[in-house]
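J.: Requesting a structural model of the entry that follows:
(one chain, ligands or ions: 2)
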Amino acid sequence: MGLMVMRDVTIAKSEYVPSEKMITKVQDFQEDEELFRYCTLPEILKYVECFTGPNVMAMHTMLINKPPDSGKKTSRHPLHQDLHYFPFRPSNNIVCAWTAMEHIDRNNGCLVVLPGTHKGSLKPHDYPQWQGAVNIMFHGIQDYDENNTRVHLVMEKGDTVFFHPLLIHGSGRNKTQGFRKAISCHFASANCHYIDVKGTSQENIEKEVVRFANELFKVKQDINLKDVWRFRARLVKGERFNL
Ligand SMILES: CC(C)CC(=O)SCCNC(=O)CCNC(=O)[C@H](O)C(C)(C)COP(=O)(O)OP(=O)(O)OC[C@H]1O[C@@H](n2cnc3c(N)ncnc32)[C@H](O)[C@@H]1OP(=O)(O)O
Ligand SMILES: O=C(O)CCC(=O)C(=O)O
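T.: Residues are numbered from 1 along each chain as shown. Ligands and ions are numbered 1, 2, ... in the order given. All right, here's what the predicted structure looks like:
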C-alpha cells in the first residue's frame with residue numbers, strides 16, 4: 001500500500017487541474033520515512049505521552065493541503081468528533097497533534113473548536129445537509145448545540161494543538177488563493193483495545209471504509225473497521241501491545 005491521496009470533490013470531478021494543486025490530502029505516513037518523521041519528533045511526543053503513556057502508536061496521519069474554495073464551499077470540514085472514525089478505546093488515551101505549516105486564520109480556513117465538548121459522549125454522524133457537494137467520508141454531527149461557544153484557532157507556522165478525539169471541531173472555507181497546509185497525527189496508547197462498532201452509531205462509517213478498502217485493494221476476505229486500522233497503525237515507541 002502507498003500513500004493515500006485525496007482530492008477535493010470539486011477537483012476530483014473537474015476535467016484538468018495541474019500538479020500539486022489537485023492534492024487535497026496525503027494520508028498514511030507509515031509508508032514514507034520522511035513524512036513519518038513528524039510522528040517521532042520529541043517536541044510532539046513530549047506532550048503526546050502525557051495522554052498515551054510510553055507505548056505510542058501512530059494511528060492516522062495526514063498532510064492537509066486545503067485548496068482555495070471553488071465557490072461551492074467544499075473546502076469546509078463539517079463539525080465532527082474524530083472518535084467517530086476510530087474503533088479503539090479508551091478515548092482518553094488517544095490524542096491528535098495538528099501543526100500549522102503556515103499562518104492560519106479564518107481567511108484560509110482555520111480549525112474551529114467547541115470548547116468543553118470533549119467531556120461529552122460520541123454523537124451520531126452523517127453527511128451534512130449542505131447544498132452542493134460534500135467530500136466522501138466527511139461526516140458531520142447533525143445536532144450540536146448551536147449556542148455552544150466556537151473558538152477559531154489562529155495559528156502561526158509551527159504552532160501545534162493537541163486535542164481529545166471527542167472534541168467537536170471542523171474547519172471553515174479557504175477564501176484565499178493559497179493552499180492552506182497543516183500536518184497531523186492521531187496517536188493512541190498501544191494498550192488501547194479495538195471494539196466492534198456493529199450496532200453503534202459508527203456502523204455507517206465502517207460500511208463506507210470497508211467498501212472503499214475492498215474497491216481499492218481488492219480484498220478477498222471479509223474485513224471490518226478494526227482490520228483497516230490494524231493494518232495502517234505503526235508503532236512510534238515502546239511496545240505494540242493491543243493495537
Ligand atoms: C480523524 C480523521 C479520520 C478525520 C478525517 O479525516 S475525516 C475525513 C476522512 N476521510 C477522508 O479523508 C477521505 C479520504 N479520501 C480518500 O482517501 C480518497 O478520496 C478515496 C475516498 C479513497 C477515493 O480515492 P480514489 O478511489 O483513488 O479516488 P479516484 O480519484 O479514483 O475517484 C473515485 C471516484 O470517487 C470520486 N471522488 C474522488 N474524491 C472524491 C471526494 N473527495 N468526494 C467525492 N467524490 C470523490 C471521483 O470523482 C470518482 O468518481 P467516479 O468518476 O467513479 O464517478
Ligand atoms: O485541517 C482541517 O481543515 C480539519 C481537519 C480535521 O478536522 C480532521 O481531519 O479531523
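J.: what's near enough to touch the residue of the chain found nearest ligand 2?
T.: Distances from the chain to ligand 2, computed as C-beta to the nearest ligand atom, single out residue 171 as the nearest residue at 3.2 Å. To be clear about C-beta, it is placed using only N, CA and C from the backbone, and glycine gets the same treatment. Contacts of residue 171 were listed using C-beta atoms under 8 Å, 6 or more residues apart in numbering, and they are 66, 76-77, 109-112.
J.: Among those, which ones lie close to ligand 2?
T.: Among these, the residues lying close to ligand 2 (C-beta under 6 Å from any ligand atom) are 66, 77.
J.: okay, the contacts of residue 171 in JSON lines with secondary structure, pLDDT and distance to ligand 1 next?
T.: Listed next are those as JSON lines, based on DSSP: H, G, I helix; E, B strand; the rest coil; pLDDT from 0 to 100; distance: C-beta to the nearest ligand atom, whole Å:
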{"residue": "66", "secondary structure": "strand", "pLDDT": "96", "distance to ligand 1": "12"}
{"residue": "76", "secondary structure": "coil", "pLDDT": "94", "distance to ligand 1": "12"}
{"residue": "77", "secondary structure": "strand", "pLDDT": "96", "distance to ligand 1": "7"}
{"residue": "109", "secondary structure": "coil", "pLDDT": "98", "distance to ligand 1": "14"}
{"residue": "110", "secondary structure": "coil", "pLDDT": "98", "distance to ligand 1": "16"}
{"residue": "111", "secondary structure": "strand", "pLDDT": "98", "distance to ligand 1": "12"}
{"residue": "112", "secondary structure": "strand", "pLDDT": "98", "distance to ligand 1": "14"}
